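>>> Sequence first, then the predicted structure:
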Amino acid sequence: MKLWKAITAPLLDAVIPPACLVCGERLEDQSQVLCEACEGKISLYSGSLCKVCGSEMKEYPCEVCAEENYAFDLARSVFRYSTPIKDLIHELKYNGYVSPAGYFALPLAELIEGDEDLQDYDYFCAVPLHTVRKRERGYNQSDLIAYATAKLLGKPYLNPVSRRINTLSQTLLSKAGRIKNLSGAFYIKDIAAVKGKSVIVVDDVFTTGTTLNEIAKQLRLAGAERIAAVTVARP
């Protein structure tokens with residue numbers, strides 16, 4: 001297999017030159033996802049962040065945590081949801097390009113390794129898609145990201161959460177609409193895998209945290225000891 005790749009990769013590069021998934025600039029090889037110019041535009045989600053919800057803190061105590069009742073113990077994100085990360089997530093979710101999942105896994109793994117509050121978790125899981133949506137897309141992008149991250153860190157990847165309702169897209173819904181839309185959408189299909197465990201739930205974007213919070217509620221009811229929400233990006 002390695003020999004086959006060594007032979008075919010140069011041929012593929014010649015016939016279909018690899019290109020940046022955001023701007024289309026030609027790349028050196030197929031393993032790249034972004035060109036140098038686009039990588040230079042990446043913005044990390046950093047600064048004075050809440051230790052619990054991970055949001056930017058303008059004053060103390062955290063205004064977001066004061067208004068929300070999060071079921072997870074903490075949330076962390078790597079990037080700001082802006083170009084080119086926003087575009088890469090779009091390509092992954094809607095245009096069939098799976099390479100961004102591997103691209104996101106490394107910085108996620110580095111974030112987790114460098115955060116003392118994210119140590120000693122038992123396994124990773126992902127925000128599930130409904131079977132209809134997964135069939136249409138061909139894969140669950142959060143599954144790909146979570147699995148790749150777990151593999152890099154040498155941690156197990158399990159899938160104890162299922163989605164019973166094919167909900168509407170959360171994108172254009174209000175906060176109240178998001179909560180109503182996801183009510184009853186998730187359930188734990190493997191309680192034995194959850195009870196007494198520490199779980200890192202992975203998703204692509206943390207917007208209001210509604211989806212991750214609904215999953216955390218179900219994990220908590222099933223007996224999860226600790227729950228962390230880790231995402232690629234957030235606005």
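Perfect, thanks for sending it.
>>> And the helices in this structure?
Counting by DSSP state H, the chain forms helices over residues 2-15, 36-39, 63-67, 85-94, 99-114, 131-137, 141-153, 175-182, 210-221, given from the N-terminal end onward.
>>> Break the protein into its domains for me.
Listed by automatic domain parsing, the domain ranges of the chain are 1-41, 42-234.
>>> Mind putting those into a markdown table with mean pLDDT and mean neighbour count?
The C-beta positions use only the backbone N, C-alpha and C, and glycine is treated the same way. Output for the domains of the chain, formatted as a markdown table (pLDDT from 0 to 100; neighbours: other C-beta atoms under 10 Å):
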| stretch | mean pLDDT | mean neighbour count |
| --- | --- | --- |
| domain 1-41 | 72 | 13 |
| domain 42-234 | 92 | 18 |
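>>> From residue 92, how far out is the residue nearest to residue 102 when sequence neighbours are not counted?
Counting by C-beta to C-beta, 6 or more residues apart in numbering, the nearest residue to residue 102 once its immediate chain neighbours are dropped is residue 148, at 5.3 Å. In this structure, residue 148 and residue 92 are 12 Å apart, going by C-beta to C-beta, to the nearest Å.
>>> Need the overlap of contacts for the two.
Overlap between the contact sets of residue 148 and residue 92, as judged by C-beta atoms under 8 Å, 6 or more residues apart in numbering, is given by residue 101.
>>> show me what contacts residue 99?
The neighbourhood of residue 99, defined by C-beta under 8 Å, 6+ apart, consists of 21, 33.
>>> ugh, wrong one, residue 165
By C-beta under 8 Å, 6+ apart, residue 165 lies in contact with 130, 184, 185.
>>> try 10 Å
Contacts for residue 165 (C-beta atoms under 10 Å, 6 or more residues apart in numbering) come out as 130, 181, 182, 183, 184, 185, 186, 187.
>>> Quick check: the gap between the closest residue in space to residue 18 that isn't next to it in sequence and residue 19.
Distance criterion C-beta to C-beta, 6+ apart; nearest residue to residue 18, sequence neighbours excluded, is residue 27 at 4.3 Å. In this structure, residue 27 and residue 19 are separated by 6 Å, where distance is defined by C-beta to C-beta.
>>> Common neighbours of those two, please.
Going by C-beta under 10 Å, 6+ apart, residues that sit against residue 27 and also against residue 19 are 33, 35.
>>> Can you tell me how far residue 223 is from residue 231?
Applying C-beta to C-beta, one obtains 24 Å for the distance of residue 223 from residue 231.
>>> Quick check: beta-bridge partners of the closest residue to residue 45 other than its chain neighbours?
Nearest non-adjacent residue to residue 45, counting by C-beta to C-beta, 6+ apart: residue 77, 4.7 Å away. The bridge-partner assignment for residue 77, based on DSSP bridges, gives residue 231.
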